[in-house]
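Colleague: A predicted structure for the sequence below; I have some questions about it.
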Amino acid sequence: MGVIKIMNIIEVDNLTKKFKEFTAVDAISFQVKQGEVFAFLGPNGAGKTTTIKILTTLLKPTAGKISLNGCDPVKNANQARHSFGIVFQDPSLDDELTAFENMEFHGVIYGLAKKVRRERIEQLLKIVELWDRKKELVKNFSGGMKRRLEIARGLLHHPKILFLDEPTLGLDPQTRNHIWSYIKDLNKEEGITVFFTTHYMEEADRAADAIAIIDHGRIVIQGSSNELKEKTGAATLEDAFINLTGKPIRQEEVSGLDRLRQNRRLFRH
Amino acid sequence: MKVIYILWLRQIKRYLRSRARIVGSIGQPLLFLLALGFGFGPVFQRAGEGSYLQFLSPGIIAMSILFTAVFSGIEIIWDRQFGFLKETLVAPVSRLEIMIGRTLGGATVAFFQGLVIFIITIPLGFHPEFVTIPLGLLFMLLIAFFFTALGTAIASILKDMQGFQLIMNFIIMPTFFLSGALFPVNDLPQALKVILAVNPLAYGVDGLRGALGGAVYFGIGFDLLILGSATILCLGLGSFLFTKIQV
């Protein structure tokens, strides 16, 4: 039993999440091995973010079992929170604080000792090329700069599992490469398991050891990139993805919260 | 402790950095003091109640604390919209710690705000009883904690700012107007006295006024007991609702 736990750092069994009548996640099951880089792919609205929110204790599932580093994030949320770090799909910085203060805040609430905290903040801010602007308020940053800062922050506490929800969205190739090489180093040197979503198929192809594709709340296929290509008879991962999920463009439900976020400038005071 | 401290520090920094908020939250009580204080002053005097400014000042101090505290609590809705709430909710710290840190920060800001208004009232003609000022400060602190926790509780239930107007108009404004902050309550109709008796701010205003040398209605000891217990209850409720937040 202990062996299985060490092998699979994430185990998801028949996980379901319903919002009233709408089933966002429909009885999905998958495992992620310790130390693996795992890509969770799917069209817009397929259920990726909902799954991540459940795994990271932000949402409670309707049904199903989850094990995260050997503990249940539903029953022992606080214990589970120790084992992961996350970079969210949408912004989660405090605009009224400086870049450094955002990092410092994160370091403190994750219990990093001052010396380690300061070293890593410097190292990470240099990687994302924001060290020179560490004293600026985040509200003056461009979208790309905020994204870089957010990634640097998510990496600060070197978690056992790192969730990255479309981490490189809207970044230029230089920054993407930088960030991926840092993530891969972390994965190799510290054995951090990486769970990420992306719409860049070549990113998944290059970085992921294992891939699962989710569509309409169900997992349609799992395996390595090569296995996926073989099973679908496609030359590239992108072709395999389109073969499996079809060509039509997906409608994504816009929640009230997202609408408000779009209008947020109106409310600023 | 470090977690609570950094959450507290964040609230303070945010407050000190938003000049518009500071100016706005001093402007409104000042307007009330000048317009009502000097406007109704002569009538109040003629009715044989003495100086209206003397009567009004503790009420306006309480008002400024009330509004700042509720806004600080409500800030959770902003955090939810700006996404920052998620950052704190996935962190390996208990929700209770987050709630305590935020409430301490919000209450500090509100208390400070009340202190600024208090200082402003003195050159305008308010003569507080200096010996019992510490007791007055205690009441100010309790008001600050109660309403920050109330704001947190409300914000934990609300999903967006649309419900906020309702809360302002149907909870916060009546709480202020029916607290005895603006008028003496001795000769009020029975119905209003009942409302007053269930309004926590009424005890805050009464206690603060009494401590600063004015006439009391409920009695200072009773004020302290009721407001103190209400604050503990509200902190409990705020914490409970905060731990239930899903994003």
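Modeller: Good, I have the coordinates. Numbering: from 1, shown residues only, chains lettered A, B, ... in the order given.
Colleague: which stretch of helix or strand covers A:G107?
Modeller: In this assignment (DSSP states H and E), A:G107 forms part of helix A:99-109.
Colleague: So which bits of the stretch 101-250 of chain A are right by chain B?
Modeller: Applying C-beta under 8 Å from any C-beta of the partner chain, we find that the stretch 101-250 of chain A lies next to chain B at A:E101, A:E104, A:F105, A:H106, A:V108, A:I109, A:Y110, A:G111, A:L137, A:R153. The way it works is simple: take the backbone N, C-alpha and C, and place the C-beta from them, glycine included.
Colleague: and the two most separated of those?
Modeller: Taking C-beta to C-beta, the two most distant members of these are A:G111 and A:L137; they sit 25.9 Å apart.
Colleague: just checking, what packs against the helix or strand just after the helix holding A:G107?
Modeller: Downstream of helix A:99-109, the first helix or strand assigned by DSSP H and E is helix A:114-127. Packing partners of helix A:114-127 (3 or more C-beta pairs under 8 Å, 6 or more residues apart in numbering or on different chains; DSSP states H and E): helix A:99-109, helix A:143-155, helix A:173-190.
Colleague: Pipe those into TSV and attach mean pLDDT, distance to B:T108 and mean neighbour count per row.
Modeller: Listed next are the helices and strands packed on helix A:114-127 as TSV, based on pLDDT from 0 to 100; distance: least, C-beta to C-beta, whole Å; neighbours: other C-beta atoms under 10 Å in any protein chain shown:
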stretch	mean pLDDT	distance to B:T108	mean neighbour count
helix A:99-109	96	17	23
helix A:143-155	87	26	22
helix A:173-190	86	38	15
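Colleague: Pull the number of nearby residues for the nearest residue to B:K244 once chain neighbours are set aside.
Modeller: Excluding its sequence neighbours, the residue lying closest to B:K244 (C-beta to C-beta, 6 or more residues apart in numbering or on different chains) is B:S156, at 6.8 Å. Number of residues near B:S156 (other C-beta atoms under 10 Å in any protein chain shown) recorded here: 22.
Colleague: What residues sit buried inside the strand or helix carrying B:S156?
Modeller: Using DSSP H and E, B:S156 falls within helix B:133-157. For helix B:133-157, a neighbour-count test (16 or more other C-beta atoms under 10 Å in any protein chain shown) marks B:135-156 as buried.
Colleague: Per-residue pLDDT of the spatially most central residue of chain A, please?
Modeller: In chain A, the centroid-proximal residue (C-alpha atoms, centre = their mean) is A:L164; its distance is 1.9 Å. You'll see A:L164 listed with a pLDDT of 93.
Colleague: Helix, strand, or coil at the residue nearest to it when sequence neighbours are not counted?
Modeller: Among residues not flanking A:L164 along the chain, A:F196 sits closest, at 3.9 Å (C-beta to C-beta, 6+ apart). Under DSSP: H, G, I helix; E, B strand; the rest coil, the three-state class of A:F196 is strand.
Colleague: Same question for A:N14.
Modeller: Recorded secondary structure, A:N14: strand (three-state DSSP).
Colleague: same deal with A:I28?
Modeller: Judged by three-state DSSP, the three-state class of A:I28 is strand.
Colleague: what do you get for the one 10 residues further on?
Modeller: Secondary structure of A:F38, reduced to three states by three-state DSSP: strand.
Colleague: so it bridges to which residues?
Modeller: Beta-bridge pairing of A:F38 under DSSP bridges involves A:F195, A:A210.
Colleague: Could you report the neighbour count for it?
Modeller: A count of nearby residues for A:F38, using other C-beta under 10 Å, gives 25.
Colleague: my read: it touches A:A212, true?
Modeller: Yes. The pair A:F38 and A:A212 qualifies as a contact (C-beta atoms under 8 Å) at a distance of 7.4 Å.
Colleague: contacting residues around the nearest residue to B:V90 once chain neighbours are set aside?
Modeller: Spatial nearest neighbour of B:V90, excluding adjacent residues (C-beta to C-beta, 6+ apart): A:T56 at 5.2 Å. By C-beta atoms under 8 Å, 6 or more residues apart in numbering or on different chains, A:T56 lies in contact with A:P73, A:R81, A:F84, A:I86, A:F163, B:V90.
Colleague: Wait, the last one touches A:H82, no?
Modeller: So that's B:V90. No. At 10.7 Å, B:V90 and A:H82 do not qualify as touching, with contact defined as C-beta under 8 Å.
Colleague: More neighbours: which of those two?
Modeller: Ranked by neighbour count (other C-beta under 10 Å), B:V90 and A:H82 place B:V90 first, with 24 against 17.
Colleague: Can you check the pLDDT for that one?
Modeller: Value for B:V90, per-residue pLDDT: 90.
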